[in-house]
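Participant: Output the structure for:
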Amino acid sequence: MNSTKISCTYLGDLHTEAIHFPSESIIHTDAPKDHDGQGKDFAPTDLLASSLGTCIITIMGIEAKRRGWELGKIKIDVYKTMTSDGPRKIKTLELEIFMPSEIDYEKYKILQRTAEKCPVKLNLECSIDIKLNWNQTKN
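Facilitator: Okay, the predicted model is just below:
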């Protein structure tokens with residue numbers, strides 16, 4: 001089994017640091033303003049939302065690479081909504097997916113099906129309402 005080490009450290013005043021050991025990349029988090037923090041960095045739930053958006057782009061990129069396609073610029077805006085009552089958790093993640101206009105209909109449909117197989121989406125969809133809204137941009 002392949003595992004990846006990520007070391008998380010509390011830095012005080014609701015700030016954390018996560019180090020991804022294979023790459024030595026560092027991410028900082030802060031609690032959001034509406035939850036006692038200063039909102040100076042991603043909140044942990046923002047990272048979860050970002051993981052979904054970047055995973056969908058990545059898995060579409062893998063599919064395109066394997067097929068020898070050029071994707072162009074894909075952009076995804078992720079809108080995270082938290083619950084307002086009960087335990088604090090993510091209620092919905094709504095994604096606006098912007099695909100380049102030069103991607104033809106057949107490729108577009110294949111990439112839509114591919115996005116549904118995103119590992120992050122598959123792990124989250126049992127507990128969070130996820131909506132994918134597809135848009136094709138014009139150059």
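
Participant: Parallel or antiparallel, which strands does the worst-scoring helix or strand of the chain on mean pLDDT pair with?
Facilitator: Of the helices and strands making up the chain, the lowest-confidence element is strand 129-137, at a mean of 93, by mean pLDDT, DSSP states H and E. Strand 129-137 sits in its sheet next to strand 90-100 (parallel), going by DSSP bridges.

Participant: Show me what counts as buried in the partner strand.
Facilitator: By neighbour count on 16 or more other C-beta atoms under 10 Å, the buried set for strand 90-100 is 90, 93, 95, 97, 99, 100. C-betas here are computed from N, CA, C, even on glycine.

Participant: Tell me which residues of the helix or strand just after it come out buried.
Facilitator: Scanning forward in sequence from strand 90-100 by DSSP states H and E, the next helix or strand is helix 105-115. Neighbour counts over helix 105-115 (16+ other C-beta under 10 Å) mark 107, 110, 111, 114, 115 as buried.

Participant: In contact with the first one: list those residues for me.
Facilitator: Listed by C-beta atoms under 8 Å, 6 or more residues apart in numbering, the contact partners of residue 107 are 64, 69.
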